[in-house]
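Student: Curious how this folds, go ahead:
(2 chains)
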Amino acid sequence: ETGVTQTPRHLVMGMTNKKSLKCEQHLGHNAMYWYKQSAKKPLELMFVYNFKEQTENNSVPSRFSPECPNSSHLFLHLHTLQPEDSALYLCASSRTLSGSANTGELFFGEGSRLTVL
Amino acid sequence: EDKVVQSPLSLVVHEGDTVTLNCSYEVTNFRSLLWYKQEKKAPTFLFMLTSSGIEKKSGRLSSILDKKELFSILNITATQTGDSAVYLCAVNTGNQFYFGTGTSLTVIP
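Tutor: You can find the predicted model right below:
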């Protein structure tokens, strides 16, 4: 138990479906992140939210739409995905986003394994 | 372009062996370097390094950072099958964390 909870753990969807991934953290952190993890590739940062405000969007296609209603919750809305979007989607949080070396580490959820048919 | 490179990509050793995993980086604004262990679930935190030459140690695992040569190593002594995992290196630049591809370690009995 890392304090970051992701649901669902597994998701299979067709290319025309709309689904959402949910992330919740109970650590009192102010920054939350979505990462995509594909085989043989580094973790790819998708979005960063700091105090509910989006600070990074790493050229992510619009078929991925994030939402951060408060500092504890983060969603990733999925629409008309492609098979190459199949991957493990990891949510993470950290105490702060930027500044000193005391930012500390990222705490990860267990991921949502997405398969797009 | 900021990047983190890990080597080797994969490694197979026998129980009891000692392994050294490498992480080199090129970033414009270095804050800290972190090591994570990932089995079939969430990456779990191992070490955070901010200063050169100071070894961090936890049981059989240790790590050190060289900010002049821009690399870090993670050592695991007397490896066990439970050490089998992907080891991830990440660099915090202040506005995000850059990850390497990871090193996949397999320890065989």
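
Student: Let me see the contact set for the residue most central in space within chain A.
Tutor: The centroid of chain A falls nearest to A:Trp34 when counting by Cα atoms, centre = their mean (2.4 Å). The contact partners of A:Trp34, taken as Cβ atoms under 8 Å, 6 or more residues apart in numbering or on different chains, are A:Cys23, A:Leu45, A:Met46, A:Phe47, A:Pro66, A:Leu74, A:Leu76, A:Tyr89, A:Leu90, A:Cys91. All C-beta atoms are positioned from the backbone trio N, CA, C, and that covers glycine.

Student: just curious, which of those is nearest to B:Gln96?
Tutor: A:Leu45 (5.5 Å; Cβ to Cβ).

Student: The closest one and A:Gln37 touch, don't they?
Tutor: No. Using Cβ atoms under 8 Å as the test, A:Leu45 is too far from A:Gln37 to be in contact (10.8 Å).

Student: burial of the spatially closest residue to A:Glu53 that is not a sequence neighbour, as a residue count?
Tutor: Spatial nearest neighbour of A:Glu53, excluding adjacent residues (Cβ to Cβ, 6 or more residues apart in numbering or on different chains): A:Cys68 at 7.9 Å. Counted by other Cβ atoms under 10 Å in any protein chain shown, the residues lying close to A:Cys68 total 20.

Student: can you check B:Ala90 too?
Tutor: Counted with other Cβ under 10 Å, B:Ala90 comes out at 25.

Student: Kindly state the pLDDT recorded for it?
Tutor: pLDDT recorded at B:Ala90 is 94.

Student: Wait, it touches B:Gln96, no?
Tutor: No. Between B:Ala90 and B:Gln96 there is no contact under Cβ under 8 Å: 9.6 Å.

Student: related to what we said a few turns ago, give me the subset of the contacts of A:Trp34 touching chain B.
Tutor: Applying Cβ under 8 Å from any Cβ of the partner chain, the subset of the contacts of A:Trp34 adjacent to chain B comprises A:Leu45, A:Leu90.

Student: follow-up on the earlier one: okay but the residue nearest to A:Glu53 is in contact with A:Leu74, surely?
Tutor: Yes. Counting by Cβ under 8 Å, A:Leu74 is a contact partner of A:Cys68 at 5.2 Å.

Student: Alright, I will stop here.
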